[in-house]
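Student: following is a predicted model, sequence given first.
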Amino acid sequence: MPYATLPDQRIPYDNDGTVIVGGTSQTGCTAYQNNARMLVSNGLNNVANAYLNGMTFSTPGGQPSGTEPILWIWFPEQRIIAGMAGNAGAENMDNFGSSIYNNFNSFRGSNDSTNGLDGTWEVASLSAGFSPIPPNNLFEWRSAVKPVSFTGPKKVLRLHSTSYNMTLGSRDMYYALLHLYGRKAAGQTPDDIIFIDHDTTPGVEYAGPEDFGDRPLGTSVVRQFRIKNTSSSKTANTIALQCNDTDFVISTDGTTWVTTINLASLAAGAESPTYYIRNTTPAPGNPLGPRFARIVATVTSWT
């Protein structure tokens, strides 16, 4: 089905050092999310009650009027935020045992906050609003990616729900799906590994995800890519490339296909040899779904 696309990639917040934590505008950050929960919320699983395994936190009732439940996203460095999908709401119980469903409806960003409550915060421009996604319709993210813009990059984000009455009972917040789209701000990570689109623009970093196109079931397509050390002075040592999706495999020669490629070192400013990635669609009779190959680059040391 048609769906919105962005020139920016989905942020791999579950394995890039990002910290996500829940709390309220009264208590601050209290409920840190573990990697397993962030992996579910940043994934594509479309299973019943997936939200129970996604990001979740409880907020106590009896707080002052105007208190808001908040989800904070703390990045390792400043990032340009271009889009979001996954405004799953929350099921919660009030004092009378009734279930209430609300969405987050305020999105803000900061560069100088130290605890999530202090600092200067900018309200995001959401020209198309939030993604109207209930917890169990996870594939709808493809048609509900919404543009986000700030006046500049941000290091911490926070999502509010201003419609809750925190003076009543506790609130169990379930955030089934949260996809953030963007990239590191220029100059924030001087020693870094980037991916080069060697098929289309040799020597130039990918501006968006590699598109393998619409294809029949049971077919394969191979693309080429490289990695580059963007450091101006340091060598990246013991680099591991890990491909994490069963529909994709990688290779150093286009013949032998593996899930991990190891590279001893990459000098400052140098590119790797050409590598290959192969996508194979399921055999006829099997269902199709949105798939993507996240290739994680890990560097043991910089010298």
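Tutor: Okay, I see it. Bear in mind the structure is a predicted one, so any value in this text is a computation, not a measurement.

Student: tell me the SS of Arg37?
Tutor: Under the three-state scheme (DSSP: H, G, I helix; E, B strand; the rest coil), the conformation of Arg37 reads as helix.

Student: any idea how far the residue nearest to Gln26 when sequence neighbours are not counted is from Thr259?
Tutor: Of all residues beyond its chain neighbours, the one nearest Gln26 is Thr67 (4.3 Å), with distances taken as C-beta to C-beta, 6 or more residues apart in numbering. Heads up, the C-betas are built off the backbone N, CA and C, glycines and all. When distance is defined by C-beta to C-beta, to the nearest Å, Thr67 is 47 Å away from Thr259.

Student: same check on Gly23?
Tutor: Using C-beta to C-beta, we find Gly23 at a distance of 38 Å from Thr259.

Student: ok, those two, which is more surrounded?
Tutor: The neighbour count for Gly23 versus Thr259, taken as other C-beta atoms under 10 Å, is higher for Gly23 (22 against 14).

Student: hey, what's the more buried one bridged with?
Tutor: For Gly23, the beta-bridge assignment (DSSP bridges) gives partners Cys29, Ile70.

Student: from memory it sits against Thr30, does it?
Tutor: Yes. At 4.2 Å, Gly23 counts as touching Thr30 under the criterion of C-beta atoms under 8 Å.

Student: overlap of the contact sets of those two?
Tutor: By C-beta atoms under 8 Å, 6 or more residues apart in numbering, Gly23 and Thr30 have these common neighbours: Phe57.

Student: residue ranges with poor pLDDT in this structure?
Tutor: Per-residue confidence of the chain (counting by pLDDT under 70) places the weak regions at 1-8, 45-54, 59-62, 87-103, 132-143, 163-176, 289-290.

Student: all helices of it, in order?
Tutor: Using DSSP state H, the helices found in the chain span residues 35-41.

Student: domains of it?
Tutor: According to the domain assignment given by automatic domain parsing, the chain is divided into the following structural domains: 9-184, 193-302.

Student: packed most tightly, which of the ones you listed would that be?
Tutor: Most buried of the domains of the chain, by mean neighbour count (mean count of other C-beta atoms under 10 Å): domain 9-184, with a mean of 18.

Student: show me where the stretch 51-200 of the chain has strands.
Tutor: 55-59, 69-85, 90-93, 99-102, 106-110, 121-123, 146-147, 154-160, 171-175, 179-184, 193-196 (DSSP state E, counting those that start in this stretch).

Student: okay, these in CSV with distance to Asn229 next?
Tutor: Below are the strands of the stretch 51-200 of the chain laid out as CSV (distance: least, C-beta to C-beta, whole Å):
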stretch, distance to Asn229
strand 55-59, 34
strand 69-85, 18
strand 90-93, 43
strand 99-102, 46
strand 106-110, 30
strand 121-123, 33
strand 146-147, 32
strand 154-160, 24
strand 171-175, 36
strand 179-184, 15
strand 193-196, 6
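
Student: ok, which of these comes nearest Ser233?
Tutor: With distances scored as C-beta to C-beta, the stretch of those nearest to Ser233 is strand 193-196 (15.0 Å).

Student: what is the closest one packed up against?
Tutor: With contacts taken as 3 or more C-beta pairs under 8 Å, 6 or more residues apart in numbering; DSSP states H and E, strand 193-196 sits against strand 220-229, strand 295-302.
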